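Asks: The sequence and its predicted three-dimensional model are supplied below.
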Amino acid sequence: MTLARMTGTVLGVGYLKPAPGTWGSLVALPWAWALHVIGSFPLLAVAIVVASLTGWWATSKMTAGSDDHDPSEIVVDEVVGQWIALLPLSIASWRMGIDITVMWPGWIAAFVLFRLFDIWKPWLVGWADRRGDALGVMLDDVIAGIFAAIGVVILAGISHGIF
């Protein structure tokens, strides 16, 4: 397996069936927890940037010369998007000294919202997906992750009586 394929499929997770994108999002959860425990929000933020850039590279290599711009086995984009959806939890834990696992409802919300936006592809998510190139493959999940992160913040605000 080439480095691009190992990166794009997240060490083969993208070959799991059914719903490889959901598997990619699921594997992102324990990795996000581990990154947060090791280096808190700053390490998770750096990991998002690194995974985004290497994912873009891997996706461009894996789709070169193919009519399919977004093969289902490429799930590095789901990992990046899911990590972005979890950022509000990592930031809150880091700034307030809260154990990140105590915010388990936020983890569920981040997962469900990210999957919803990734599958539904509203507005800018759909625009990025329609680009038809490697950047679009990564960008639609980045935007879905941002939308999910906003949703997590709104739900936390409602839950804690701020809104």
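Replies: Now that the structure is in, tell me what you want to look at.

Asks: how would you label the closest residue to residue 56 other than its chain neighbours: helix, strand or coil?
Replies: For residue 56, ignoring the flanking residues on the chain, the nearest one in space by CB to CB, 6 or more residues apart in numbering is residue 138 at 4.9 Å. Placement of C-beta: from N, CA and C, glycine included. Using DSSP: H, G, I helix; E, B strand; the rest coil, the structure places residue 138 in helix.

Asks: what's near enough to touch residue 138?
Replies: Shown in contact with residue 138 (CB atoms under 8 Å, 6 or more residues apart in numbering): 52, 55, 56, 59, 76, 77, 80.

Asks: gap between it and residue 131?
Replies: Residue 138 sits 10 Å away from residue 131, going by CB to CB, to the nearest Å.

Asks: what does residue 25 give?
Replies: 21 Å.

Asks: And the two? Which one has more around it.
Replies: The residue with more neighbours, out of residue 25 and residue 131, is residue 25; 26 against 15, by other CB atoms under 10 Å.

Asks: Let me know the helix or strand that the more buried one is in.
Replies: helix 20-63 (DSSP states H and E).

Asks: what do you get for residue 113?
Replies: helix 104-120.

Asks: That helix to helix 20-63, inter-axis angle?
Replies: Here helix 104-120 points in a direction 50 degrees away from that of helix 20-63 (axes from the mean of the first three to the mean of the last three CA atoms, to 10 degrees).
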